[in-house]
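K.L.:
I need the structure of the sequence given here:
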Amino acid sequence: MREEKLTKVLLIIATLLAIFFCLFPFLYMLVISFSKSWDIFSLVKLEFTFKNYTEILKDPGFHCMDYIKNSLIISGISAFISVFVATMGAYAISRFQFPFRFSILLFILASSMFPQISIVGFLFKVMVKLNLINTYPALILPYISWNIPISLWIMTSYLSSIPKDLDKSALLDGCSWFQIFIKIILPVAKPGIISAGLLSFLFSFNEFLFALLLTVDYRARTVPVGIVMFQGLHGELPWGSIMAFTTLSLIPVFLIVIFFQKYIIHGVIRSGLKG
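P.N.:
Model prediction:
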């Protein structure tokens, strides 16, 4: 009994330490965003204020809402297209028999493992020739190609767990393969689609290198680049304003995760069991 109690106590302590370790950066960010001083370790000097938030929202020179809007639009479009394309590819791989289908899947997944820095120079030249620098397509197109491999892997694992008897029954009822995909497979695979879509969205939302090199100003820059370019009048770093901007930019992500939490957990577990 003593050993069991000791094990439970140690488990609780370890869990609390892990939670604190994960949440401390967010707590630090939140405290500094509402403080006049950026030194959280000098608790006596910390003073509560909304000044950091009012400054970044009222001053048009910061372009905070433009960065957030750009991130949401670019991430949303790239996630939607990449997941839809990946779902169609996963349906073909999981349902049809053709040579080298799993080799193709592994090859596509391996293509995403190349470091971004190895292709960004070529990508920049392509975007210059297409006159797409500092536009949404300059980021959406690379994000789609970068998100498809992991989305394809997730959706292939998920669709493989769906019984093929559903397809056979629908074929007997006169449905085409496309009708089966749209009317049957997509509704059943909704948790997996949401899981893959969220991962694609978060990658696009947090991506920095492409966003830095393929954009010029607030018209297409995303949140990560906007935070890096954030500085005061004399080149100083206004940490309070930066933390306030970061907090605002994370609100949409938190809302999305909370709203789709049930589907995300179900999709990850279902695809993980089969994969």
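
K.L.:
all helices in the protein, in order from the N-terminus.
P.N.:
Ranges of helices within the chain are 2-33, 51-58, 64-95, 101-111, 120-129, 136-159, 165-172, 177-180, 186-188, 190-206, 209-213, 223-228, 239-259, 261-274, based on DSSP state H.

K.L.:
Quick one: mean pLDDT for the first one?
P.N.:
When pLDDT is averaged along helix 2-33, the result is 86.

K.L.:
So residue 62 versus residue 227, what's the distance?
P.N.:
11 Å (Cβ to Cβ, to the nearest Å). C-beta coordinates here come from the backbone N, C-alpha and C atoms, glycine included.

K.L.:
wait, what's in contact with residue 247?
P.N.:
29-30, 33 (Cβ atoms under 8 Å, 6 or more residues apart in numbering).

K.L.:
Over to residue 164?
P.N.:
residue 95.

K.L.:
Any figure for the gap between it and residue 96?
P.N.:
Taken as Cβ to Cβ, the span from residue 164 to residue 96 is 11 Å.

K.L.:
what about the nearest residue in space to residue 139 that is not next to it in sequence, neighbour count?
P.N.:
In this structure, residue 139 finds its nearest non-sequential neighbour in residue 74, 5.0 Å apart by Cβ to Cβ, 6 or more residues apart in numbering. Residues within reach of residue 74, counting by other Cβ atoms under 10 Å, total 24.

K.L.:
State the pLDDT value of residue 74.
P.N.:
Predicted confidence (pLDDT) for residue 74: 96.

K.L.:
quick one: contacts for it?
P.N.:
Contacts of residue 74 (Cβ under 8 Å, 6+ apart): 136, 139-140, 143, 204, 222.

K.L.:
quick one: which of those is nearest residue 57?
P.N.:
residue 222 (18.4 Å; Cβ to Cβ).

K.L.:
Now the closest one, what are its backbone angles?
P.N.:
phi -100, psi 180 (degrees, to the nearest 10).

K.L.:
and it, how many residues sit next to it?
P.N.:
28.

K.L.:
Looks like residue 221 contacts residue 213 (just checking).
P.N.:
No. Counting by Cβ atoms under 8 Å, residue 221 stays clear of residue 213, with 11.2 Å between them.

K.L.:
Give me the distance from stretch 199-210 to the chain's centre.
P.N.:
5 Å (Cα atoms, centre = their mean, to the nearest Å).

K.L.:
Identify each buried residue in it, please.
P.N.:
199-201, 203-205, 207, 210 (16 or more other Cβ atoms under 10 Å).

K.L.:
Next: stretch 151-165.
P.N.:
Buried residues in stretch 151-165 (16+ other Cβ under 10 Å): 151-159, 161-162.

K.L.:
Over to stretch 98-114?
P.N.:
In stretch 98-114, counting by 16+ other Cβ under 10 Å, buried: 105, 108.

K.L.:
can you list contacts of it?
P.N.:
92-93, 146, 148-150, 152-153, 156.

K.L.:
out of these, what pair is the most spread apart?
P.N.:
92 and 146 (20.9 Å).

K.L.:
any idea which of the helices of the chain scores lowest on pLDDT?
P.N.:
helix 261-274 (a mean of 59).

K.L.:
check contacts around residue 199.
P.N.:
So residue 199 contacts 147, 150-151, 154 (Cβ under 8 Å, 6+ apart).

K.L.:
and those residues as JSON lines, adding distance to residue 82?
P.N.:
Putting the contacts of residue 199 into JSON lines (distance: Cβ to Cβ, whole Å) gives the following:
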{"residue": "147", "distance to residue 82": "4"}
{"residue": "150", "distance to residue 82": "9"}
{"residue": "151", "distance to residue 82": "5"}
{"residue": "154", "distance to residue 82": "11"}
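
K.L.:
Nearest to residue 251 among the residues you listed?
P.N.:
Among those, and counting by Cβ to Cβ, the member closest to residue 251 is residue 147, at 22.8 Å.

K.L.:
surely residue 89 meets residue 154?
P.N.:
No. Between residue 89 and residue 154 there is no contact under Cβ under 8 Å: 11.6 Å.
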